[in-house]
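Novice: show me the folded form of this:
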Amino acid sequence: MRIRHGDAVALGPGKVDLLEAVREYGSISAAARSLDMSYRRAWLLIDELNRSLKSPATHSEQGGQSGGGCTLTPVGETIIRLYRDVEEEARRSCAKQIAELMKLIRA
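Specialist: You can find the predicted model right below:
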């Protein structure tokens with residue numbers, strides 16, 4: 001599922017995966033590495049997401065002795081929960097159609 005905001009994809013599977021990785025690793029760079037993504041790409045995705053929201057999904061701290069980091073805001077946590085709920089509901093509601101589509105995919 002993708003939610004568009006103008007021409008941009010405000011929210012989609014890649015951004016939600018990235019938010020989950022930020023939650024797990026506590027930084028954009030570590031999250032990017034875990035997803036085999038460049039730091040620049042991850043930063044751009046987070047920036048695009050935060051700019052499309054009324055309140056940001058992440059909070060970043062500058063480097064320094066502790067090395068900085070990135071955490072999710074309550075909005076970020078809510079996005080993950082709602083997005084995964086929608087995925088599960090779609091999976092349940094569309095199980096028959098998904099099964100038929102899977103038959104069309106080469107094994």
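Novice: what sits against Glu24?
Specialist: Glu24 is in contact with Ala31, Ser34, counting by C-beta atoms under 8 Å, 6 or more residues apart in numbering. C-betas here are computed from N, CA, C, even on glycine.
Novice: now the one 4 residues further on
Specialist: By C-beta under 8 Å, 6+ apart, the contact set of Ile28 is Val22, Tyr39, Ala42, Trp43, Ile46, Thr58, Ser60, Cys70.
Novice: ok, now with 10 Å
Specialist: Contacts for Ile28 were tallied using C-beta atoms under 10 Å, 6 or more residues apart in numbering; they are 18, 21-22, 37, 39-40, 42-43, 45-47, 58, 60, 68-70.
Novice: any stretches of the chain with poor pLDDT?
Specialist: For the chain, applying pLDDT under 70 flags the ranges 63-67.
Novice: name the nearest residue to Ala30, sequence neighbours excluded.
Specialist: Take Ala30 and drop its neighbours on the chain: the residue closest to it by C-beta to C-beta, 6 or more residues apart in numbering is Ala21, 7.7 Å away.
Novice: the one you found contacts Thr58, doesn't it?
Specialist: No. With contact defined as C-beta atoms under 10 Å, Ala21 does not count as touching Thr58 (11.3 Å).
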